[in-house]
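Novice: Requesting a structural model of the entry that follows:
(chains A, B and C)
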Amino acid sequence: MGEHLTFIGSVTAQLVRAVPVTLLILAVSGVCATVLATGLTAMSVARSPLPRLVQRTWTFLFRGTPLILQIFMIYYGFAMVPWIRHGILWAAFRDPVFCTCLAMTCCCSAYIAEIFRGALAAVPRGEIEAGRACGMTGFMLLRRVIAPSLIRIALPSYSNEIIMMTKSTSLASTITVLDITGVAQQVIAHSYRTLEVFCAAAALYLLINATLSTLLTALERRLDVDRAPTPLAPIPPTLEPLS
Amino acid sequence: MMDDLAILGFGPDGWAPLLLKGCLLTLAVSAASMAIGTVLGILLAWARLKGPRWLRRAALVYGVILRGVPELLVILLLYFGLPSLILSLSETFGWEAPGLPPPFLIGSVSVGLVSAAYQAEIFRGGVGAIPRGQFEAARAMGFSDLMCFHRIVLPQVARVVLPALGNVWQFNLKDSALIAVTGLSELMRTSLVAAGSTRHPFLFFGVAMALYLVLTTLSSTAFHYGGRYSNRWDRG
Amino acid sequence: MSKTLRGAVLGLAILLSLQAARAADVPAQQARRTVVIGTEGAFPPWNMTRPDGSLIGFEPDLLQVLCQRANLQCQLVAQDWDGMIGALQAHKIDVIADALQITPARKAVLAFSLPYAITTGVFVTQKDSPLARMANRGLVLDLDASPAPERQAQALAALREELRGKTLGVAISSTYDAFLDKYLAGVITIKSYRTMGERDLDLLSGRIDLTLDDTTYLRPLLAAPDAQDLVLVGPELIGGELGAGEGFGLRQDDTALAERLNAAIRSAVADGTVKRLSLKWFKADATPDLGPDPTSTPSGTPKP
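Specialist: Residues are numbered from 1 along each chain as shown, chains lettered A, B, ... in the order given. All right, here's what the predicted structure looks like:
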């Protein structure tokens, strides 16, 4: 029993050292995906058809295929493309962490853009008209009227997407990244003790997700100006409709 | 170019038959996990809504864990852990050791367990969307619980949850790619083996992506027409 | 009561048939047993998957002979290497046939059959890498030679210096883990891959500097047209942590199966079947030296 606890202790210590890798992938791809999603949302309401087509194709491509396949495509597939393999981009593409971040940015931006798009459509028309009536135009209208409403409406679904992204970072382990899952598998390869190691890893992910969702819920409360008893959550948790 | 055609074709060196078989296996394992998820999801939703206190707690904890742990870990845990669990159970109780679960079963159960956590939320939300007044009215009319479920809950919940279930199906379909780590030759695994042994990863992963797009598009179209629902996000 | 009776009758029957068999001086005809054999199906030329899904290679060929001789109903299943030992311990498979070297580390968790082949480990790198000029090319380094002769100690020291700071890719929990831990820990960065195919792709793309694997796997790889940029370098390794040949991995309590397979392996080595198949698949003779058979000594002592 004592040996058992010692083993779990040492495994947990090893896994904790991999937490920064997981968080790095999450932070980089989270920020990049959100920025990209904002751009995609803008494209989706563009007047000319071309940006709208680009946004729809992007969404179709990245939401219609598994993330693990996208990661393999970027990591192994692109490495065989001569101009990437022998070009200046190779410095980035040879790094599996970069490949994971790139794949997650592309994939998650498609999901987040759909959340933003839905929220944009749900911003009350009246508010925008009122803003216009007050003489606001363009950026001012966006900053003062549309964005605050949009963020409030999108936040619950956005929080769910961030949790989904945390879980997705584990896929980095399939392309040699030593994140939490990667280290867990490495430990198992040496100790052959699967149950304890995976449970310790699962506990770490739960801890990260619990922290994130506490923070995001606090943010939701803070932004909830109406203090409505039930926050607006038109979409069931983590389930964004596929186009 | 001719090489590409040969390794993608139906000839002796072509991977087409295996890739198509992989597609079927992906569909089968997704369907199995969806079914497991629906049954378990309904039970969990019932536990959350009507169960005794301890069961409500248990269902809640289940949802928190299965929605907070990466699917990949759930699959790996079940893949390595389940057989030894079955074995030690059968030893403890003196049963004859049952046949050990094949990767297909382990894969569909693990994706199904995750799916159930999400489906439970959907069903719970679906029941919650029915105005309380209707239950009161039913009681006033002398409806039994079963009749209430059959006449009031089922027809309305089905309409409300169908779009959401369509989404879960899409997630199942994509999560099934993770079962590749157990060695089950579904589409992802087949394309990986093909990419590794022919050393044409771009070609095979590209083909696999196209095949997944076909699967997701076809099934979302099916859900679209089958459910006859529409909301602003759904464009088939 | 009937259960006890049936057991007794069955026991008696077995005893009688064994006696009869021994009396007639023919090998005891053991009951036919169904055995599930796990193989990677992605480790040519030992085992590989054809596009139609069937498994071919040295091991499938050899197993066909061995199973028949050991009266086993064998079912060959493809399975990722990193889950192989877990699958065995979980009774999902009964035998691992995946060019498994018999190493001290693995003996701690597995039982092994007799070796059915013996091969060396070798490094592969890209032709334009500085490692392409590694010393001691072709020298066979037997890690079991103790005390290590001067030449070998020097070769190992040279290896450490040449590989300092390099990245080496291996398949998850390969035989080479223990060797790398002992001789190259802290000197190189190790990357683990789920399958050989993935590792090879990264070797070709240059994400890893080199790999260490079995000659029987690497020689055919280097002959492939798209692997022209790769080259075999450095000494060939054998013995010690790298093991004494390839054997079937078994559960430690499954001694009955080990005995049946061992007898079959002996006969296949003795009549040249192993040599024929290794020439067919490896283009070299990998027949192991099994020494004298303890069970067929002239005195004919029966097994305990």
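
Novice: okay, CA-based contacts and neighbour counts for the rest of this
Specialist: Fine.

Novice: Leaving out chain neighbours, which residue sits closest to the residue in the stretch 51-200 of chain C positioned nearest to chain B?
Specialist: Across the stretch 51-200 of chain C, no residue is closer to chain B than C:Gly197, which sits at 3.9 Å (Cα to the nearest Cα). Take C:Gly197 and drop its neighbours on the chain: the residue closest to it by Cα to Cα, 6 or more residues apart in numbering or on different chains is B:Gly196, 3.9 Å away.

Novice: same check, this time on C:Gln126
Specialist: In space, C:Gln126 is closest to C:Leu230, 4.4 Å off (Cα to Cα, 6+ apart).

Novice: ok, that neighbour touching C:Thr125?
Specialist: Yes - using Cα atoms under 8 Å, C:Leu230 and C:Thr125 qualify as a contacting pair, with a distance of 5.6 Å.

Novice: mind listing what the residue nearest to C:Gly197 touches?
Specialist: Going by Cα atoms under 8 Å, 6 or more residues apart in numbering or on different chains, B:Gly196 touches C:Met196, C:Gly197, C:Glu198, C:Asp200, C:Leu201.

Novice: Most neighbours out of those, which is it?
Specialist: Highest neighbour count within these: C:Glu198, with 27 neighbours (other Cα atoms under 10 Å in any protein chain shown).

Novice: hmm, back to that, and the residue nearest to C:Gly197, how far is that from C:Gly41?
Specialist: In this view, B:Gly196 and C:Gly41 are 12 Å apart by Cα to Cα, to the nearest Å.

Novice: Which of the helices or strands spans C:Pro115?
Specialist: Per DSSP states H and E: C:Pro115 is located in strand C:111-117.

Novice: By mean pLDDT, point me to the weakest helix or strand of chain A.
Specialist: Counting by mean pLDDT, DSSP states H and E, chain A has its least confident helix or strand at helix A:138-141, which shows a mean of 84.

Novice: Tell me the helices and strands packed up against that helix.
Specialist: Here helix A:138-141 touches helix A:125-133, going by 3 or more Cα pairs under 8 Å, 6 or more residues apart in numbering or on different chains; DSSP states H and E.

Novice: what's in contact with the helix it packs on?
Specialist: Helix A:125-133 is touched from outside by A:Thr137, A:Leu141, A:Val145, A:Ile146, with contacts defined as Cα under 8 Å, 6+ apart.

Novice: from those residues, which would you call buried?
Specialist: Neighbour-count burial (16 or more other Cα atoms under 10 Å in any protein chain shown) applied to these gives A:Leu141, A:Val145, A:Ile146.

Novice: so which of the residues you listed comes closest to C:Ala31?
Specialist: Nearest to C:Ala31 among the buried ones among the contacts of helix A:125-133 is A:Ile146, at 78.4 Å by Cα to Cα.

Novice: what about the residue lying closest to B:Cys148 once chain neighbours are set aside, which helix or strand?
Specialist: Excluding its sequence neighbours, the residue lying closest to B:Cys148 (Cα to Cα, 6+ apart) is B:Ala138, at 6.6 Å. Under the criterion of DSSP H and E, B:Ala138 resides in helix B:132-140.

Novice: With just CA atoms, put the helix or strand just after that helix into CSV.
Specialist: Where DSSP H and E defines the elements, the next helix or strand beyond helix B:132-140 is helix B:145-148. Only the C-alpha atoms of helix B:145-148 are listed here, as CSV (Å, rounded to 0.1, in the frame of the first residue of the first chain):
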residue,chain,number,x,y,z
ASP,B,145,-46.5,8.9,-14.8
LEU,B,146,-46.1,6.6,-17.8
MET,B,147,-48.9,8.3,-19.7
CYS,B,148,-47.5,11.7,-18.8
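
Novice: Tell me which helix or strand comes right after helix B:145-148.
Specialist: Remark: after helix B:145-148, the chain's next helix or strand is helix B:154-175, criterion DSSP H and E.

Novice: give me every residue that touches the residue in chain B positioned nearest to chain A.
Specialist: Taking Cα to the nearest Cα, chain A has its nearest neighbour within chain B at B:Phe202, 3.9 Å off. By Cα under 8 Å, 6+ apart, the residues touching B:Phe202 are A:Met73, A:Tyr76, A:Gly77, A:Phe78, A:Met80, A:Val81, B:Ala195.

Novice: out of those residues, which is most surrounded?
Specialist: Sorting the contacts of B:Phe202 by how many neighbours each has (other Cα under 10 Å) puts A:Tyr76 first, at 28 neighbours.

Novice: How much space separates that residue from chain C?
Specialist: Counting by Cα to the nearest Cα, to the nearest Å, the separation of A:Tyr76 from chain C is 7 Å.

Novice: same question, A:Thr105
Specialist: For A:Thr105 relative to chain C (Cα to the nearest Cα), the value is 22 Å.

Novice: A:Val197: neighbouring residues, count only.
Specialist: Applying other Cα under 10 Å, we find 25 residues neighbouring A:Val197.

Novice: May I have the secondary structure class of it?
Specialist: Secondary structure for A:Val197, judged by DSSP: H, G, I helix; E, B strand; the rest coil, is helix.

Novice: buried set for the helix or strand harbouring C:Asn262?
Specialist: Counting by DSSP H and E, the element that carries C:Asn262 is helix C:255-270. Using 16+ other Cα under 10 Å as the test for burial, helix C:255-270 gives C:Leu257, C:Ala258, C:Arg260, C:Leu261, C:Asn262, C:Ala263, C:Ala264, C:Ile265, C:Arg266, C:Ala268, C:Val269.

Novice: so where's chain B shaky on pLDDT?
Specialist: B:1-3, B:5, B:83-84, B:87, B:95-101, B:226-236 (pLDDT under 70).

Novice: Please work out which residue of it is closest to chain C.
Specialist: In chain B, the residue that lies nearest chain C is B:Gly196 (3.9 Å; Cα to the nearest Cα).

Novice: wait, does the longest helix along chain B make contact with chain A?
Specialist: As assigned by DSSP state H, the longest helix anywhere in chain B is helix B:16-50. No - if you take Cα under 8 Å from any Cα of the partner chain as the test, helix B:16-50 misses chain A, and the best it gets is 11.8 Å.

Novice: List the buried residues of stretch C:243-256.
Specialist: By 16+ other Cα under 10 Å, the buried positions in stretch C:243-256 come out as C:Gly243, C:Ala244, C:Gly245, C:Glu246, C:Gly247, C:Phe248, C:Gly249, C:Leu250, C:Arg251.

Novice: In helices, which of those fall?
Specialist: With DSSP H as the criterion, helices contain none of these.

Novice: tell me the centre residue of chain A?
Specialist: Nearest to the mean C-alpha position of chain A, by Cα atoms, centre = their mean, lies A:Met165 at 3.9 Å.

Novice: and stretch B:46-63, how far from the chain's centre?
Specialist: Distance, stretch centre to chain centre, for stretch B:46-63: 21 Å (Cα atoms, centre = their mean, to the nearest Å).

Novice: What are the contacting residues of that stretch?
Specialist: Here stretch B:46-63 makes contact (Cα under 8 Å, 6+ apart) with B:Leu44, B:Ala45, B:Ala117, B:Tyr118, B:Arg124.

Novice: Compare those residues and tell me which is most surrounded.
Specialist: The most crowded member of the contacts of stretch B:46-63, judged by other Cα under 10 Å, is B:Leu44 (28 neighbours).

Novice: Surely it touches B:Ala120?
Specialist: Yes - with contacts counted by Cα under 8 Å, B:Leu44 reaches B:Ala120, the gap being 5.6 Å.
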